[in-house]
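> Quick one, fold the following:
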Amino acid sequence: SLEQFKDLSSQSQVNLYICNQFDIKQVKLEQAKDPVIQEKVKEIQQNPTRGSFVLHEGLLYKLMPTNLRSITKIKLIYIPASMINSLLKAYHSDPLAGHFGIRRTYYKLKNKYWWPDMKSSITRFIKSCLPCQQYNVSRLKKPGLLCPIETPSGPFQLIGIDYCGPFKRTPRENQYVLCITDYFTRWITAIALPDCTAQTTAQTIFNEYICRYGVPVSILTDQGTHFNNQLMESMAQLIGYNHILSTVYHPQSNGMVERFNATFVPQLAKLHDRENNNWDEYLQSVVFAYNTGIHAATQHSPFQLQFGRDARMPTDTTSNYVFYKPSDYYNQLKKSLKIIQQNAQKQSIYSHMINKKYYDKNRSNPQYEINDKVLIRIHGSRSKLDPRYSLTPKIIIQKQHPTYYVRDQLNDQITRVHVNDIRPILLS
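Sure, this is the predicted structure:
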């Protein structure tokens, strides 16, 4: 009949929302099968007044004080081991339980039920809940200790390169800024460009850096298509430098360039004419101001470390040094550079040590093994209801802590990820 159909329809709708498999009527039956509970029942039958358990109408209860100072005790149903999992699903995984955390779940259960090692098993169950691992926001610091790049022994050994932009296109057709940073001197070279194609990138690095300062030992970039391509690989082999690619979605790997990017954009915004949109006309002025300022890590300006002297500013008087022949200037330059570069290296190492100590404080450093199953953080644009971590588990196939190579179980795609983008799959 129509009424029966409505009843079935409403029942099926309820079943969509409720997935509770715990049946309180089965507790007595399951208690009878549990050997630990039956042992307690025998003890009570032999000595009913002794102990903190009581048998009532065939059910075993645990007697617990309402609080630490109270003499009043409440009866809590002793849950047999076979029913703990279904009870925890009902109080955590069910839509009416809402996948809330350990504390909330424990307080919902503590005045109704009891079993040995109750809080620990609740903790294990919730930590092994896959949806919670995929969607929950961690309030802890991201895992993984700071691994600062070793300070080079001199200039032109390691440079970091990154793009900033796109900005609003200027009348000169420029939209991007290619930033090049020397990891020893902190000397910045920044070039405004109309695009960030592989060809533009390679030409700019060659013309604006290599032809001015020589070939660096190593170049560090991210894995953007403008850097990670056949043209850049060929140029590295042809000219003779080591091209290092940082981990995807881990800007700290090239942190020095990222830091300058965050510094110079506000300075350009203060100077440029909004109507004419001429930010590229002020770019070199901002770079000069940065290069002539004292850097906190080295206690010297990049200009000093690059040229062995202070930059002459518009308001400065003439230099105190008088050189009668080029060799005098060369000898003075060698001496000055040796002193300030040695001092800068010591200051830089000390600065790295302080930063590492601060960064590593109260931070976990988990290490994973080959074949471990993990979830990896999902980056990029997503809605508020999308998962924060991958829906399918990944398998670790190679470890180079703090970076790992993981393989997707569905499509066999291999990805390199940093440890702070990994969340372990905890199995109950």
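
> Now for Tyr404: which residues touch it?
Tyr404 is in contact with Tyr368, Val374, Ile396, Gln398, Arg416, Val417, Val419, Ile422, counting by CB atoms under 8 Å, 6 or more residues apart in numbering. To be clear about C-beta, it is placed using only N, CA and C from the backbone, and glycine gets the same treatment.

> okay, the residues you listed in TSV with pLDDT and neighbour count next?
Listed next are the contacts of Tyr404 as TSV, based on pLDDT from 0 to 100; neighbours: other CB atoms under 10 Å:
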residue	pLDDT	neighbour count
Tyr368	93	16
Val374	91	22
Ile396	93	18
Gln398	93	12
Arg416	89	16
Val417	90	21
Val419	90	23
Ile422	90	23
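
> Looking at those, spot the one nearest His92.
Among these, Val374 lies closest to His92 (CB to CB), at 22.2 Å.

> List the contacts of the closest one.
Contacts here follow CB under 8 Å, 6+ apart; on that basis Val374 touches Tyr368, Pro393, Lys394, Ile395, Ile396, Tyr404, Val406, Ile422, Arg423, Pro424, Ile425.

> part of a strand, is Ile397?
Yes. Per DSSP: H, G, I helix; E, B strand; the rest coil, Ile397 lies within a strand segment.

> what's Ser390 in contact with, if anything?
Ser390 makes contact with Gln134, Leu375, Ile376, Arg377, Ile378, according to CB under 8 Å, 6+ apart.

> Would you mind measuring from it to Ala198?
Distance of Ser390 to Ala198, computed by CB to CB, to the nearest Å: 30 Å.

> Tyr162: what secondary structure?
Quick fix: residue 162 reads Asp, not Tyr. strand.

> Could you report the neighbour count for it?
Residues lying near Asp162 (other CB atoms under 10 Å) number 23.

> Report the buried members of the contacts of Ser390.
By neighbour count, with 16 or more other CB atoms under 10 Å, those hold Gln134, Leu375, Ile376, Arg377 as buried.

> surely the first one meets Leu391?
Right, the one you point to is Gln134. Yes. Taking contacts as CB atoms under 8 Å, Gln134 lies within contact range of Leu391: 6.3 Å.

> For Thr105, grab the count of nearby residues.
Neighbour number of Thr105 under other CB under 10 Å is 21.

> Going by secondary structure, it is in what exactly?
According to DSSP states H and E, Thr105 maps onto helix 102-109.

> Show me the contact partners of that helix.
Helix 102-109 has contacts (CB under 8 Å, 6+ apart) with Leu87, Leu88, Tyr91, His92, Ala97, Met118, Lys119, Ile122, Thr123, Ile126, Lys127.

> Please flag which of the buried ones among the contacts of Ser390 sit within strands.
The members of those that map onto strands under DSSP state E are Leu375, Ile376.

> Closest one of the buried ones among the contacts of Ser390 to Ile149?
Ile149 lies nearest to Arg377 out of the buried ones among the contacts of Ser390, by CB to CB, at 22.8 Å.

> Beta-bridge partners for the closest one, please?
Arg377 has the following beta-bridge partners by DSSP bridges: Tyr389.

> Please save the CA atoms from stretch 92-103 in CSV.
Output of stretch 92-103 as CSV, limited to C-alpha atoms (Å, rounded to 0.1, in the frame of the first residue of the first chain):
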residue,chain,number,x,y,z
HIS,A,92,32.4,9.0,16.6
SER,A,93,31.7,8.0,13.0
ASP,A,94,27.9,8.1,13.0
PRO,A,95,26.5,11.4,11.4
LEU,A,96,24.8,12.1,14.8
ALA,A,97,28.3,11.8,16.4
GLY,A,98,29.8,14.2,13.9
HIS,A,99,33.4,12.9,13.9
PHE,A,100,34.3,15.0,16.9
GLY,A,101,37.6,14.6,18.7
ILE,A,102,38.9,12.5,21.6
ARG,A,103,37.8,14.7,24.5
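
> Now do it, average pLDDT.
For stretch 92-103, the mean pLDDT works out to 88.

> Need the worst-confidence member of the buried ones among the contacts of Ser390.
Gln134 (86).

> In a strand, Gln345, correct?
No. Gln345 is assigned helix when assessed by three-state DSSP, not a strand.

> Can you give me the distance of Pro387 to Ser128?
With distances taken as CB to CB, Pro387 is found 17 Å from Ser128.

> From the recorded domain assignment, give the ranges for the chain.
Domain segmentation of the chain under the TED database yields 24-128, 158-359, 372-424.

> which stretch among the ones you listed comes nearest Lys142?
Nearest of these to Lys142, taken as CB to CB: domain 372-424 at 3.9 Å.

> ends of that closest one, how far apart?
Taking CA to CA, to the nearest Å, domain 372-424 runs 8 Å from one end to the other.

> May I see the domains of the chain organised as JSON lines, with distance to Arg139 added?
Output for the domains of the chain, formatted as JSON lines (distance: least, CB to CB, whole Å):
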{"stretch": "domain 24-128", "distance to Arg139": "11"}
{"stretch": "domain 158-359", "distance to Arg139": "18"}
{"stretch": "domain 372-424", "distance to Arg139": "13"}
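
> what about these, which gets the closest to Gly144?
Using CB to CB, the nearest of the domains of the chain to Gly144 is domain 372-424, at 4.0 Å.

> which stretches of the stretch 251-400 of the chain form helices?
Secondary structure of the stretch 251-400 of the chain (DSSP state H, counting those that start in this stretch): helices at 255-271, 279-291, 302-307, 326-360.
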